[in-house]
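In: attaching a predicted model along with its sequence, questions to come.
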Amino acid sequence: MTHFEKKRSGQNKWTWFCLFVLSVYLIPDIAVAAEQGVSATTDGLAALLPAPKPTRADYMTVGGMSSRTIIWGLAQMHLFLAAFVLAVPFFVLCIELTGTLTGDKRYDDMAYEFMKISMAAYSFTALVGGGLAIALFLFYPVLMGYLLKVFRGQTLIYALLFLGESVFLYIYFYSWKALRYGNLKWAHMSIGLILNTVGLTLMFIANAWASFMMSPAGVDQTGAITGTVWAATRNPLWNPLNLHRFLANIAYGGAIVGAYAAYRFLSAKSAEVRAHYDWMGYTSNIIAIIGFLPLPFAGYWLMAEIYAYSQQMGITAMGGVLAWLFIIQAVLIGTILLAANYYLWCGLGRSERGQDYTPYVKYIAIVIVGGFLVWVTPHSLILTPQELQQLGGPNHKILGPLGIMPAKNIAVNLMLVFTFLSFQMFYRSSRVATVSWAKQGQMFVVGLYIVGCLNIIGAGVYGYLTPTVYKVGASVPQVVSTLSIIVFSGLIDYFMFKGSKKREVRWGRMSTRSQYALFVLPVAFTWLMALMGYIRSSLRTNWHVYTIMKDNSPEAYIPTIGQAGNIITAITLTFMGLILFIFWLSQLGSTEQIENEDAVPAGERP
Amino acid sequence: MIKSFPVVVFVAAVLFWMGYFYTIDQMIMEGQGLPVTWTMMPK
Amino acid sequence: MTLIKVLLFSVFVLFSYTFFANILPQVQSDAVEEETQPDKGGMDQDGQIAWGEKLFSGKGTCTLCHNNMGRAPDLLQMDLGTLLPARLTDSRYQGVAKNGQGAKAVEAYIRESMVDPSAYVVKGFGKKGSDDTISPMPKIDGPPISLSRAEEDALIAFLQDKGGFDVTVPLPETGAEPAADGADEGDGEDAGPAETAESAIGKFGCAACHDMFGSGAELGPELEGLGERMSKDEIREAIIDPNATIAEGFDADTMPADFGEQMYVSELQMIVDYLKNLKSTGAAQ
């Protein structure tokens, strides 16, 4: 390319990028402006009616089935699928960008393959969503009628956005090979950016309805609509829910495509294909971890906002009827972290240098397992009356204090720090630093870990010595410490290993044992999501819309954990079956049968 | 991995990070409306 | 094949979660019972105190925060007999029972803490960052707790008795209608909002206490010239939260506090507008 051509294509690239970033910002602006436009309702005082109060007769049952369970199943399936189809385009775009900037073709091929999986899932998402909508109107018409009144025009915008999502999804996928290089590639990525914006807006709108039911805004205390749609949308729990779901989607999407990679790895026939899927599994695991690490912070913010909105709601969650659920959550997150870490440790075997790190693995394992045990320890024990008498109370003298917040926060923050350490070790296992300040840089990283961990432990112990408000407040320094360790050691490493000597990583050299981890990860994630959804819905106790519309249905109670566990497992199994079907579909899509030969998936031809 | 290290740099690094964490701890607690003394205890 | 083994392992993990969930303590949280109005045959004081105790851990959801976990004062463990009078003489306390003594003052203090928790926040229990001026406690006469007047009285009776004070609240009236929201009685018929301000005022019986339309009632303050004395917001507050500001010479807890729930918004609007336009006739009272 001549100098002139280079310059021109460079300028074009950035012009395209700016143009499309601008247009991308326009979409939510248009949506919001439209909302303001359609919010004019108050033509006379007669329109200011309070929310309807449904009576038992207003609830329909069909065939003696539990309406609540039907909605639960449909809603949860929809959330699983929607989380997946929203997350994939996000990290696909990131991977595509990485591929464009580094020039490494493997990234682009992997991004394309991820999109293929997502495409198959998309229609199921829409199907289940439609089923959910029908079921909601069938079983809870009064509530839905009211919600539609509150959100009026926004629901139409939601429907239109689905059209947009489909259009951009199909164009993004089908134009992949056509818009492959140069400026066209940037145009393609811009389409991906618009796709992500539309998807995110869809999620934000749906989140507004869910969070409105928990913390209503834009209405007065009787439920009469006194504000705009934007006021109802921007209720106190909207943004914490947005952030939490955005991050969790990424982690979840990564976990699921990791399972896909494991599935293909285990059924691969040639070493080349094995290497490809091993690398894909590694990348997926990294995406899952990156999405996962800031999640506790987002979850904490969500809980803090719930407490700020209504202390009662907050305590119902953590100190009341739902408290035991957080112990199950600990078990699940422990599983997830152990699986993610185990996979990384197995991965160390891929390189010579990596094997040097294996002695350190046992220390990380001790911290992760130890942290998990602390986290899973409840404050009050399940005891028979005789045991209660013997122990002198419901709390164990020594282990009891491990059951409250300061200890739990120490545990979880340390688990996250050490998970990142696993990742950092793996990152370094294929690189040898060549910068002059490598030794000094190392000192700073080690110092950071030591002081940071001491800070986390110290802030936790502090919680035992101070009043409640300070105890709760001390959890923020803990999270910031974790984030600091991750960000700063990541930054130091990035600069320290610039221009490093690359050591060979033998992709494909991975035990089959490790693939168990890649499967358990999404299974645990799925169950965890459903559990958290159960908690979130139950926080409303017997209200459809908290403090405004009471739930007068025959099922206005919070089911026991056992019942919930059974339902969650049933939904998870269904989802697992569906996902396997989707994996099989996307593999089928590239299977070819040549005349007189057997059908074989792409790349497997001997 | 780490056979021998220059102690001075290590100590400097530890002091640096101690300063960093102390500062942000103070800032975070004050920022949440929880006044603390220089020993981080509630006022 | 390994894939099958991996799938079986995943299913095994799933079932272990289910198993774990089933061995934990199973608690089913039922919908909060509506006010269980005692038998129409009447309730004696012991019955009222027992009812209050039931409400404390039941519909009132007090024990959610008032326990030994430090979120709110642990009322069940504390010595209310010395504690409550001490609150009344606290320098930071500026509420309705300031410097009051005796059981009646204690009653007023307890009621105030229930319906207007931020009037006085005990040191160390305020919302984070509010320097103990805002209470995290919800108003218990509104949703989601929505205790009725009789239930409030029962709770106060329980706490007074616990602190060794005389019980100064009235017993619930026999034959009084439960104040539960009409929904649970299958009450679907709703006459709809009143059409005019005058009919709304008649519907809610304002003239029974305030001198309106020639009723001559003096239980509540003069409303003439209200529009010149108060803003619309103040008038609205006076109707839906009458205990927020008490007119000089009148007592708290006289005007019903649940108009906010009973009125349509349009009715409230009409009444507020009507009262805002009430000019003083200049006649001496």
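Out: Yep, that arrived.
In: distance of A:I548 relative to A:G258?
Out: Computed as C-beta to C-beta, to the nearest Å, the A:I548 to A:G258 distance reads 42 Å. C-beta here means a position set from N, CA and C on the backbone, and glycine is covered the same way.
In: these two: which has the busier surroundings?
Out: Higher neighbour count among A:I548 and A:G258: A:G258, with 29 against 23, using other C-beta atoms under 10 Å in any protein chain shown.
In: wait, the more buried one sits on A:N285?
Out: Yes - checked against C-beta atoms under 8 Å, the pair A:G258 and A:N285 is within contact range at 5.5 Å.
In: and for the two, which residues touch both?
Out: Taking C-beta atoms under 8 Å, 6 or more residues apart in numbering or on different chains as the criterion, A:G258 and A:N285 both touch A:518, A:521.
In: secondary structure element holding the residue of chain C found nearest chain B?
Out: Among the residues of chain C, C:G129 lies nearest to chain B; the distance is 2.6 Å by C-beta to the nearest C-beta. For C:G129, there is no helix or strand it lies in under DSSP states H and E.
In: wait, it touches B:P35, no?
Out: No - taking C-beta under 8 Å as the definition, C:G129 is not a contact partner of B:P35, at 10.2 Å.
In: what does chain A put close to chain B?
Out: A:356-357, A:360, A:439-440, A:442-444, A:446-448, A:450-452, A:455, A:459, A:462, A:466-467, A:469-470, A:473-474, A:476-477, A:480-481, A:484 (C-beta under 8 Å from any C-beta of the partner chain).
In: quick one, phi/psi of the closest residue in space to C:A72 that isn't next to it in sequence?
Out: Using C-beta to C-beta, 6 or more residues apart in numbering or on different chains and skipping the chain neighbours, the partner closest in space to C:A72 is C:C65 (4.0 Å). Comment: the main-chain dihedrals of C:C65 come out as phi -120, psi -30, following degrees, to the nearest 10.
In: so what's A:P406 up against?
Out: Contacts were defined as C-beta under 8 Å, 6+ apart; by that measure A:P406 touches A:460-464, A:471, A:474.
In: go again using 7 Å as the cut-off
Out: With contacts defined as C-beta atoms under 7 Å, 6 or more residues apart in numbering or on different chains, the neighbours of A:P406 are A:460-461, A:463-464, A:471.
In: just to revisit the earlier point, how many residues are close by the residue nearest to C:A72?
Out: Under the neighbour criterion other C-beta under 10 Å, C:C65 is assigned a count of 23.
In: tell me the one of the contacts of A:P406 nearest A:M60?
Out: When these are compared for distance to A:M60 (C-beta to C-beta), A:K471 comes out closest, at 47.2 Å.
In: which outside residues touch the helix or strand where the closest one lies?
Out: Taking DSSP H and E as the criterion, A:K471 maps to helix A:468-473. By C-beta under 7 Å, 6+ apart, the list of residues contacting helix A:468-473 from outside reads A:405-406, A:463, B:29, B:32, B:34, B:42, C:70-71, C:128.
In: just how off-centre is that helix within its chain?
Out: Once both centres are worked out by C-alpha atoms, centre = their mean, to the nearest Å, helix A:468-473 turns out to sit 28 Å from its chain's centre.
In: average pLDDT for it?
Out: Here helix A:468-473 scores 79 as its mean pLDDT.
In: can you check stretch A:310-319 too?
Out: 81.
In: filter the residues of chain A next to chain B to the buried ones?
Out: With neighbours counted using 16 or more other C-beta atoms under 10 Å in any protein chain shown, those contain these buried positions: A:357, A:440, A:442-444, A:446-448, A:451-452, A:455, A:459, A:462, A:466, A:469-470, A:473-474, A:476-477, A:480-481, A:484.
In: could you report the neighbour count for whatever residue of the stretch 1-150 of chain C ends up closest to chain A?
Out: In the stretch 1-150 of chain C, the residue found nearest to chain A is C:A21; the distance is 2.9 Å by C-beta to the nearest C-beta. Counted by other C-beta under 10 Å, the residues lying close to C:A21 total 25.
In: now the residue in the stretch 251-400 of chain A positioned nearest to chain C: closest residue in space that isn't a chain neighbour?
Out: With C-beta to the nearest C-beta as the measure, A:Q311 is the residue of the stretch 251-400 of chain A nearest to chain C, at 3.9 Å. What sits nearest to A:Q311 in space, not counting adjacent residues and going by C-beta to C-beta, 6+ apart, is C:P136, at 3.9 Å.
In: does that neighbour belong to a helix, a strand or coil?
Out: The three-state label given to C:P136 by DSSP: H, G, I helix; E, B strand; the rest coil is coil.
In: out of the contacts of A:P406, which comes closest to A:W301?
Out: Nearest to A:W301 among these is A:K471, at 17.3 Å by C-beta to C-beta.
In: the closest one: how many residues sit nearby?
Out: If you count neighbours by other C-beta under 10 Å, A:K471 ends up with 20.
In: and it, how far is that from C:K127?
Out: Taking C-beta to C-beta as the measure, A:K471 falls 15 Å from C:K127.
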